[in-house]
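In: dropping a prediction and its sequence here:
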Amino acid sequence: MKHTYKIVGMTCGNCKATIEKKISELQDVENVEVDFEKGEVSISMSKHIDIIELQKILPSKYSISEKKFVTTNTSSLEIQQEKSKLGQLKPLLLIIFYITSASILLHFKNWSWSDFMIDFMGLFYIVFSFFKMLDLKGFPESFRMYDPLAKQVPVYGWIYPFIETALGLMFLMRFEVKIALIITLVVLGITTIGVIKTLLDKKSIRCACLGTALKLPMTEATFIENAIMIIMAILMLLNTL
């Protein structure tokens, strides 16, 4: 019998080899084929293996789940998948909520849209760079899966968390804000191109926006968070003209 499963957490060719090796070690597995682009693994087995056993054999960074097949009655399945997606994105949504709340509280007595946006962008960079710093070794591998520049220049993935930290400090300290805005447009513009391509290709990969500590899937939320920062940067630049 042959079963196909979804795999989340693959970031490179080594991941593909690791998954194939680990699953093939199970006693009743006859053949394993990993499709890196689709984020799927097909397993031929002599007798059925519970998905819990498959998850146990894999390193914790990978998540395996049943592949959903669409039928004529898809409403309940779509609702279940949407709930699962929101559950995975909960950490990201909470972080954005707290950053927004903090930026509002800093200026609610003497409200200023420009100051709000500058502090939002500063806090955004500081918090997001913090999570990337937690795994400086693993982040570049995940980042280059979709960032065009990191694919061509590997060292860019290594220095990217430090670029974010520097930009965060520049915004919060009001140091050369105009330069920081221009760098923001360039850096996030490049990343957003890669995000859009990944979403259009429907690749199942991990989003590196919060590093590798949190297992976030690449979804429209990644595009939205980048778009918010880009729009703010454009508005602030226009305001300085």
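Out: Cool, the structure landed.
In: what's the burial count for the nearest residue to residue 138 once chain neighbours are set aside?
Out: Distances taken as Cβ to Cβ, 6 or more residues apart in numbering put residue 212 closest to residue 138, at 4.2 Å, once the chain neighbours are dropped. Glycine gets a C-beta too; all of them are placed from N, C-alpha and C. Residues contacting residue 212 under the criterion other Cβ atoms under 10 Å number 22.
In: show me the domain layout of the chain.
Out: The domain map for the chain lists 2-66, 78-240, with the assignment taken from automatic domain parsing.
In: can you put those in JSON lines and add mean pLDDT?
Out: Below are the domains of the chain laid out as JSON lines (pLDDT from 0 to 100):
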{"stretch": "domain 2-66", "mean pLDDT": "85"}
{"stretch": "domain 78-240", "mean pLDDT": "88"}
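In: looking at the ones you listed, which is buried most?
Out: Neighbour counts (mean count of other Cβ atoms under 10 Å) averaged over each of those peak at domain 78-240, with a mean of 17.
In: helices of the chain, start to end?
Out: Using DSSP state H, the helices of the chain run over 13-24, 51-57, 75-105, 113-133, 139-143, 148-152, 154-172, 177-201, 220-240.
In: quick one: the last one to helix 154-172, angle?
Out: I take that to be helix 220-240. 50 degrees (axes from the mean of the first three to the mean of the last three Cα atoms, to 10 degrees).
In: circling back to that earlier point, tabulate the helices of the chain (TSV), appending distance to residue 44.
Out: Formatted as TSV, these follow (distance: least, Cβ to Cβ, whole Å):
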stretch	distance to residue 44
helix 13-24	10
helix 51-57	13
helix 75-105	26
helix 113-133	38
helix 139-143	29
helix 148-152	33
helix 154-172	36
helix 177-201	27
helix 220-240	34
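In: how near is residue 153 to residue 12?
Out: 16 Å (Cβ to Cβ, to the nearest Å).
In: for the residue positioned nearest the centre of the chain, list each beta-bridge partner.
Out: Centroid-nearest residue in the chain: residue 207, 1.4 Å away (criterion: Cα atoms, centre = their mean). Beta-bridge partners for residue 207, by DSSP bridges, are residue 216.
In: go ahead and confirm it touches residue 219.
Out: Yes - taking contacts as Cβ atoms under 8 Å, residue 207 lies within contact range of residue 219: 7.3 Å.
In: now the residue of the chain most remote from its centre. Its backbone dihedrals?
Out: Distance from the C-alpha centroid of the chain peaks at residue 46, with 36.3 Å (Cα atoms, centre = their mean). Dihedral angles of residue 46 (phi, psi; degrees, to the nearest 10) stand at phi -70, psi -30.
In: that one and residue 234, how far apart?
Out: Separation of residue 46 from residue 234 (Cβ to Cβ): 59 Å.
In: excluding chain neighbours, give the residue nearest to residue 146 in space.
Out: residue 194 (4.1 Å).
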